[in-house]
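Trainee: Requesting a structural model of the entry that follows:
(one chain, ligands or ions: 1)
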Amino acid sequence: MSGDYQLVPLANGAQTLFSARYGEKMHPGLGPAAEAELLYVQQLQISERLETHAGEFVIWDVGLGAAANALAVLHATREISGQCRLISFDDTGEPLEFALKNGGALGYLSGYQQQISELLRQNRVEFENGKLKVKWEFLLGDFPAFLSNLKLTTDNLKPPAPHAIFYDAFSPARNPAMWTLPVFENLFRALDPARPCALTTYSRSTLLRTTLLLAGFFVGVGQATGMKEETTVAANDLRLLVEPLNARWLERARRSDSAEPLCEPVYARAPLSPATAEKLRRHPQFEVSS
Ligand SMILES: C[S@@+](CC[C@H](N)C(=O)[O-])C[C@H]1O[C@@H](n2cnc3c(N)ncnc32)[C@H](O)[C@@H]1O
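Mentor: Numbers count the residues shown, from 1 in each chain. The predicted structure follows:
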């Protein structure tokens, strides 16, 4: 939708983008720069993993938006010798175009305007970010459709499987299509089982966590940010989680009035069905932790 975005101030003085279409702000807690750095880059230990990584380190940046998460990676990794492939997904370039025009007020785009312009023009840009070699691609389109089409795509046309995923869509209530169980099942299938991958997102909701568990991920508690006292980290390798959800969480999920995953893109609150509760009970994470 053209004219969807506007700048709004947060309580701490930072400016962020508000989408009229979704009725939500991006990074509403601490603002784009601080929240992106804490929740996405630090939480997934991107710098530490890049430092010890041989070859290309692949990040899927789901919900490119105004690129605060992508740019937080670039700001944090200039001194690391290595290669980073940043693959950003969104169904519109409008928030990034808007952010580029309002770079002065937002601040965090500083030093990367040229690369962003090229990304918007060509859907890809390659450059040296200090010592780090970067390939940044923008896959424009519907992310759930991209995932469901992956199984029909030949291997040489598929983007490489990720080592890290930033999952930053608008909320399940406002954008349920991005939070269904089929989407996360397809996302899990897109991972390479031999490539440890961790995903982070701002939500700590029981519904999201049961969805990730059912899709095949191990799921853990993520650190606090601004308005949230907890966030969520998920991985295909339990060793990437600092604090895996335990049997007490499972007990609370059984009592929750909003825990059943969304099977279709319609937001609904429902307690766990007996079949879902049984699948969760058998998840390897709880066999390990209980
Ligand atoms: C919360 S914003 C992302 C903020 C961004 N990560 C940043 O750092 O500035 C969510 C983004 O998801 C995108 N989005 C919504 N539905 C989508 C879909 N079906 N497929 C791909 N992207 C979608 C929106 O256009 C929006 O830019």
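Trainee: ok, Arg195 - contacts?
Mentor: 161-163 (C-beta atoms under 8 Å, 6 or more residues apart in numbering). Every residue, glycine included, has its C-beta placed from N, CA and C.
Trainee: Now, of the residues you listed, which are buried?
Mentor: 162-163 (16 or more other C-beta atoms under 10 Å).
Trainee: List just the nearest of the contacts of Arg195 to Thr16.
Mentor: Pro162 (25.8 Å; C-beta to C-beta).
Trainee: Can I get the helix or strand where Arg254 lies in CSV? Just the C-alpha atoms.
Mentor: Per DSSP states H and E, Arg254 falls inside helix 247-255. C-alpha atoms of helix 247-255 as CSV (Å, rounded to 0.1, in the frame of the first residue of the first chain):
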residue,chain,number,x,y,z
ALA,A,247,8.7,-29.4,31.7
ARG,A,248,7.3,-26.5,33.8
TRP,A,249,6.7,-24.5,30.6
LEU,A,250,4.9,-27.5,29.1
GLU,A,251,2.7,-27.7,32.2
ARG,A,252,1.8,-24.0,31.8
ALA,A,253,1.2,-24.5,28.1
ARG,A,254,-1.4,-27.2,29.0
ARG,A,255,-3.3,-24.6,31.1
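Trainee: Identify the residues contacting that helix?
Mentor: Contacts of helix 247-255 (C-beta under 8 Å, 6+ apart): 206, 209-210, 259, 272, 277, 280-281, 286, 289-290.
Trainee: Just the buried residues from these, in PyMOL please.
Mentor: Buried members of those, defined by 16+ other C-beta under 10 Å, are picked up in PyMOL with:
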select buried, resi 206+209+210+259+272+277+280+286+289
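Trainee: in the sheet, who's paired with Phe57?
Mentor: Here Phe57 sits in beta bridges with Cys84, as judged by DSSP bridges.
Trainee: who in the stretch 101-250 of the chain is up against the ligand?
Mentor: Contact residues, the stretch 101-250 of the chain versus the ligand (C-beta under 6 Å from any ligand atom): 142-144, 168-170, 175, 177-178.
Trainee: hmm, try it at 5 Å
Mentor: The stretch 101-250 of the chain comes close to the ligand at residues 142-143, 168-169, as judged by C-beta under 5 Å from any ligand atom.
Trainee: Which single residue of the stretch 1-150 of the chain ends up nearest the ligand?
Mentor: Across the stretch 1-150 of the chain, no residue is closer to the ligand than Gly65, which sits at 2.5 Å (C-beta to the nearest ligand atom).
Trainee: which secondary structure element contains that residue?
Mentor: Here Gly65 is assigned to no helix or strand, by DSSP H and E.
Trainee: From the contacts of Arg195, pick the one nearest the ligand.
Mentor: Nearest to the ligand among the contacts of Arg195, with distances taken as C-beta to the nearest ligand atom, is Pro162, at 15.0 Å.
Trainee: just wondering, since we're on that closest one, how far is it from Leu187?
Mentor: As judged by C-beta to C-beta, to the nearest Å, Pro162 and Leu187 stand 9 Å apart.
Trainee: can you check Gly220 too?
Mentor: 17 Å.
Trainee: Run through the chain and note the low-pLDDT ranges.
Mentor: Low-confidence segments of the chain (pLDDT under 70): 1-2, 288-290.
Trainee: what ranges do the helices span in it?
Mentor: 32-35, 46-51, 68-76, 94-101, 103-106, 113-122, 143-150, 181-189, 206-215, 247-255, 274-281, 284-289 (DSSP state H).
Trainee: next one: the fourth one to chain centre, how far?
Mentor: This means helix 94-101. On the basis of C-alpha atoms, centre = their mean, to the nearest Å, helix 94-101 is displaced by 19 Å from the centre of the chain it belongs to.
Trainee: Next, the buried residues of that helix.
Mentor: 94-96, 98-100.
Trainee: for it, packing partners?
Mentor: strand 5-9, strand 15-19, helix 113-122 (3 or more C-beta pairs under 8 Å, 6 or more residues apart in numbering; DSSP states H and E).
Trainee: which other residues reach it?
Mentor: Counting by C-beta under 8 Å, 6+ apart, 1-2, 4-5, 17, 19, 26, 64-67, 90, 106, 109, 113, 116-117, 119-120 sit against helix 94-101.
Trainee: Buried among the residues you listed? Make that a PyMOL selection.
Mentor: Buried residues within the contacts of helix 94-101, by 16+ other C-beta under 10 Å, are selected in PyMOL with:
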select buried, resi 5+17+19+26+64+65+66+67+90+106+109+116+119+120
